[in-house]
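return atomic coordinates for the entry below.
(one chain, ligands or ions: 1)
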Amino acid sequence: PARLDLLGHPLDPVSLDAALDLLGTWIQGPRAPHTVVTLNPEFIMQCRDGSDLAARFTAAIRAADLVTADGVGIVWAAKELLHADVPRAPGFDLSAGLMQRHGPNLRVFFLGAKPGVAEIAAQNAREKYGVVVAGVHHGYFDASDDVRVAELVRDSGADLLLTAMGAARQEIFNEYWREVLNVPVMMGVGGVLDVLAG
Ligand code: UDP
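Predicted coordinates for the structure are as follows:
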């Protein structure tokens, strides 16, 4: 389906199932980097504050290969402003759905949340979905450690990178390091690692 423009941001009107199919082709196809953004109203507000961070966040969303509606706020806005029916495809459902579908054929890197959380999230995901844990790292490192973390992810051979470092920072990180990371699916997932950790 054709990409929409919601208040200057791209939005792909794809169902959860269609999004999972598409991400599956990226995971199974020739290794190439793709970024996924799950848009929500807070993102749009954050993009409007005129700061340098806001400009970089806007650019990262624009550069994403897939932009889905994370929740009902975006679904409602698309209906009101564009008269478009956009299904929800939230970050949690995309993460869990990919792990459910691909199980042991999926190498997942869990990046973000407070120290210790990613390890528990990874262990739970391995037990529940049978995925391979490619690596884990917390999300409270300094910008000067960006290169080290990016290389860690690159060397892990992950198929799926779940980046949970808060809105803007996670999307900017994935987009900035896209070519170095070279992970087939890199997705900013907000609180998903906390949820997976229980
Ligand atoms: N987080 C992180 N590093 C940061 C800020 C946040 O790893 O510098 C993690 C935080 O621990 C949580 C997730 O990112 O697991 C989402 O954080 P929050 O809900 O505060 O961000 P939002 O998505 O609301 O911007």
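
how about the strands in the protein?
In the chain, the strands defined using DSSP state E lie at 4-6, 9-11, 35-39, 66-69, 107-112, 132-137, 160-164, 185-188.

can you redo those strands as a markdown table with mean neighbour count?
(Glycine included, C-beta is placed from N, CA and C.) What follows is the strands of the chain, written out as a markdown table (neighbours: other CB atoms under 10 Å):
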| stretch | mean neighbour count |
| --- | --- |
| strand 4-6 | 15 |
| strand 9-11 | 19 |
| strand 35-39 | 27 |
| strand 66-69 | 25 |
| strand 107-112 | 28 |
| strand 132-137 | 20 |
| strand 160-164 | 28 |
| strand 185-188 | 28 |
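
nearest to Asp145, out of the ones you listed?
With CB to CB, the closest approach to Asp145 among the strands of the chain belongs to strand 132-137: 9.4 Å.

and that closest one, how far from the chain's centre?
How far strand 132-137 lies from its chain's middle: 16 Å, per CA atoms, centre = their mean, to the nearest Å.

that strand relative to strand 107-112, how many degrees between them?
Angle of strand 132-137 versus strand 107-112, following axes from the mean of the first three to the mean of the last three CA atoms, to 10 degrees, is 20 degrees.

now the residue of the chain found nearest the ligand, nearest residue through space, not along the chain?
Of all residues in the chain, Gly139 sits closest to the ligand, at 2.0 Å by CB to the nearest ligand atom. For Gly139, ignoring the flanking residues on the chain, the nearest one in space by CB to CB, 6 or more residues apart in numbering is Gly112 at 3.4 Å.

that neighbour and Ala164 touch, don't they?
Yes: assessed by CB atoms under 8 Å, Gly112 is found in contact with Ala164 at 3.2 Å.
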